[in-house]
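Asker: from the sequence below, what's the structure:
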Amino acid sequence: MTGFRIMLAALATAAAALTAAPAAAESAGITDEVTMTLGEDGTLHVVEKISGGSGELKRTFLTRTRHDDTHDRLYEIANVKGGGYADGVLTVTAPATVEYDVKGAVAPAGQAEELRWFAVDGWNAPVDRATVKVTGPGLVQNLSCFAGDLTSAVGCTSAAMDHTGTQADFEQEGLAPGQTLTVVVGFPEGASGGRPILEQRWSLAHAFALTPVTGGALIALLVLMLGGVGLLYWTRGRDARVIGHEKGAVSPVRDGHFSPPDGVRPGQIGTLIDEQADVVDVTATIVDLAVRGYLRIDEQPRQAYDAPDWMLVRLPHAPAHTLLPYERALYEAIFDGRDAVLLSQLSGTFAAHLGKVRDALYADVVRQGWFARRPDTERTQWTTIGVVLMIAGVVATGVLAWFTSYGLLGLAGIIAGAALAVGGQYMPAKTAKGSAALAHTLGFRDFLFSGDVGDVPEKDRVELFSRYLPYAVIFDGVEHWSRLVATVTGDGRQADNLYWYHGPAEWDLSKFAGSMRTFTTTTSGAISATRQFRTL
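Answerer: Coordinates of the predicted model:
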């Protein structure tokens, strides 16, 4: 029985030995003998003799450390021999001898210069024993070493210099995988002339640093913007000079008949003034078509809480062929094959036709010679360029701020693009003919608001003052002229209706001003999903 027990113990011992053998092989440490020579150009030449270990060994070099609050310190590895090297990783199979050069390992330190290098670090296997020998272009002034994690303050196993003071020797026993042996050796000031390689760490202040380059770019942008303002003044200031030269109250009556200055119609005036064809221009044109005998506006009866409504009635035998293209487009859009339509029926459906009317208005002001190009096209072109420049500026700002300190250059592009996008709204410029027509138009406005109705025969006042009313819609003077129209009829007596505007039963012209104000507001809302207001 005793012999059997001895046999079992021997078998267990043998099994344990077989099991432990692979584990010991897997954890086998390496021996690293390092020789470092600092050249007079500040380049550190390193030779490593690696022995022990098993299989393929990898070392990940430490090439970047924190230098201060704003900079990182870089170490450049070059001229690697004796192993594979890519992306900071050295691959060898022991035994092997590896050589490489390091730049950036030397930095001034007071009255000396200091060599600091991670002589052993980043191995994927434990290092049982490491020795380091360091020589340089001068006598060793001081030395120190640290072992363990990168930030460790624990000294290495031993550190000493030889009796001549020209060589520093370091030794370390037992480094776990990934741990570091850092050696620091001081040499006389300027011995190698080496300098650290510093890279500024990214920060918002660094990315948008004000430098001569970025400052100069901002000054150039300011000059460019001032030049743009000067250009805008030249294109827009011409209108002001013509207006100043020709401005003055202009009577629209010629030989007892209505004759607006330059033959300008209400919708044209609105587009000429603010260079936009909007719903107020269309509303004024509807009133103008009624006053000129193409349609009649019938106010519908309603109860106290009913919404107001009007019937637009096509008048028979109206010479529609004499209408201007934009008036014809509007006329056909309103009736669309029918003889009468409620204003409320246009709400939500007329907006689809509004684009055609606006296009015709823009084409008309070009045909009149008031603009060289369509104002809406001019605005869109410059605004689009500005938006594209803004987007390019945003992309450039991100790229420049991330990789350089020139972020302000991209920001300048954003500012320039925004200025161009906003300024694009003011880019359409009137021709000399358009500027003169605008001057006469504003003179007509002054006449309308002067209160001087002139020496107009009583029988002509209803038609003449009615012809003024669509222009008053453009100039935001509906209330004034509606009251004036309501005070006269062809024979000088109060009447219940006008030839172009009929009210419901028990309605008379004393209510015309309120009705007209409500009609223009309701019409603007009915023909467009979004009401556009004008300020002059």
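Asker: for the closest residue to residue 129 other than its chain neighbours, which three-state class applies?
Answerer: In space, and not counting its chain neighbours, residue 129 is closest to residue 31: 5.0 Å by C-beta to C-beta, 6 or more residues apart in numbering. Backbone N, C-alpha and C define where each C-beta goes, glycine included. Following DSSP: H, G, I helix; E, B strand; the rest coil, we place residue 31 in the strand state.
Asker: residues in contact with the residue nearest to residue 59 when sequence neighbours are not counted?
Answerer: Spatial nearest neighbour of residue 59, chain neighbours left out: residue 90 (4.4 Å); criterion: C-beta to C-beta, 6+ apart. Neighbouring residues of residue 90 by C-beta atoms under 8 Å, 6 or more residues apart in numbering: 58, 59, 60, 61, 80, 83, 84, 98, 100.
Asker: hang on, residue 90 in a helix?
Answerer: No. With three-state DSSP as the criterion, residue 90 is located in strand rather than a helix.
Asker: next one, pLDDT for it please.
Answerer: For residue 90, the pLDDT comes out at 94.
Asker: quick check: bridge partners of it?
Answerer: Here residue 90 sits in beta bridges with residue 59, residue 85, going by DSSP bridges.
Asker: and residue 373, how many neighbours does it have?
Answerer: Close neighbours of residue 373, defined as other C-beta atoms under 10 Å, add up to 13.
Asker: so the closest residue to residue 48 other than its chain neighbours: helix, strand or coil?
Answerer: In space, residue 48 comes closest to residue 98 once its chain neighbours are excluded; the distance is 4.7 Å by C-beta to C-beta, 6+ apart. Secondary structure for residue 98, judged by three-state DSSP, is strand.
Asker: thought residue 98 was touching residue 83?
Answerer: Yes. Assessed by C-beta atoms under 8 Å, residue 98 is found in contact with residue 83 at 4.9 Å.
Asker: flag every buried residue along the helix or strand where residue 411 lies.
Answerer: Assessed by DSSP states H and E, residue 411 sits inside helix 407-423. Neighbour counts over helix 407-423 (16 or more other C-beta atoms under 10 Å) mark 407-417, 419-421, 423 as buried.
Asker: cool, and stretch 31-43?
Answerer: Neighbour counts using 16+ other C-beta under 10 Å place 31, 32, 34, 35, 36, 38, 42, 43 of stretch 31-43 among the buried residues.
Asker: same question for stretch 324-331.
Answerer: For stretch 324-331, burial by neighbour count (16+ other C-beta under 10 Å) applies to 324, 326, 327, 329, 330, 331.
Asker: and if you look at stretch 502-512?
Answerer: 502, 503, 509, 512.
Asker: how about it as PDB, C-alpha atoms only?
Answerer: Extracted in PDB, the C-alpha atoms of stretch 502-512 (Å, rounded to 0.1, in the frame of the first residue of the first chain):
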ATOM      1  CA  HIS A 502     -71.600  97.500 -54.800                       C
ATOM      2  CA  GLY A 503     -72.600  97.000 -51.200                       C
ATOM      3  CA  PRO A 504     -75.400  94.900 -49.700                       C
ATOM      4  CA  ALA A 505     -78.800  96.200 -48.800                       C
ATOM      5  CA  GLU A 506     -78.800  99.100 -46.200                       C
ATOM      6  CA  TRP A 507     -75.200  99.800 -47.100                       C
ATOM      7  CA  ASP A 508     -74.100 103.300 -48.400                       C
ATOM      8  CA  LEU A 509     -70.800 105.000 -49.100                       C
ATOM      9  CA  SER A 510     -70.400 106.200 -45.600                       C
ATOM     10  CA  LYS A 511     -69.200 102.600 -44.900                       C
ATOM     11  CA  PHE A 512     -67.000 102.400 -47.900                       C
END
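Asker: which residues of this structure fall in helices?
Answerer: All helices of the chain, identified by DSSP state H, fall at 2-26, 204-207, 212-246, 266-274, 279-291, 325-335, 343-346, 351-367, 375-403, 407-423, 432-448, 458-474, 478-486, 512-527.
Asker: any chance of JSON lines for those helices, columns distance to residue 197 and mean pLDDT?
Answerer: Formatted as JSON lines, those follow (distance: least, C-beta to C-beta, whole Å; pLDDT from 0 to 100):
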{"stretch": "helix 2-26", "distance to residue 197": "38", "mean pLDDT": "46"}
{"stretch": "helix 204-207", "distance to residue 197": "17", "mean pLDDT": "77"}
{"stretch": "helix 212-246", "distance to residue 197": "23", "mean pLDDT": "68"}
{"stretch": "helix 266-274", "distance to residue 197": "62", "mean pLDDT": "86"}
{"stretch": "helix 279-291", "distance to residue 197": "67", "mean pLDDT": "91"}
{"stretch": "helix 325-335", "distance to residue 197": "71", "mean pLDDT": "92"}
{"stretch": "helix 343-346", "distance to residue 197": "75", "mean pLDDT": "88"}
{"stretch": "helix 351-367", "distance to residue 197": "63", "mean pLDDT": "87"}
{"stretch": "helix 375-403", "distance to residue 197": "18", "mean pLDDT": "88"}
{"stretch": "helix 407-423", "distance to residue 197": "23", "mean pLDDT": "82"}
{"stretch": "helix 432-448", "distance to residue 197": "65", "mean pLDDT": "82"}
{"stretch": "helix 458-474", "distance to residue 197": "71", "mean pLDDT": "78"}
{"stretch": "helix 478-486", "distance to residue 197": "77", "mean pLDDT": "72"}
{"stretch": "helix 512-527", "distance to residue 197": "70", "mean pLDDT": "85"}
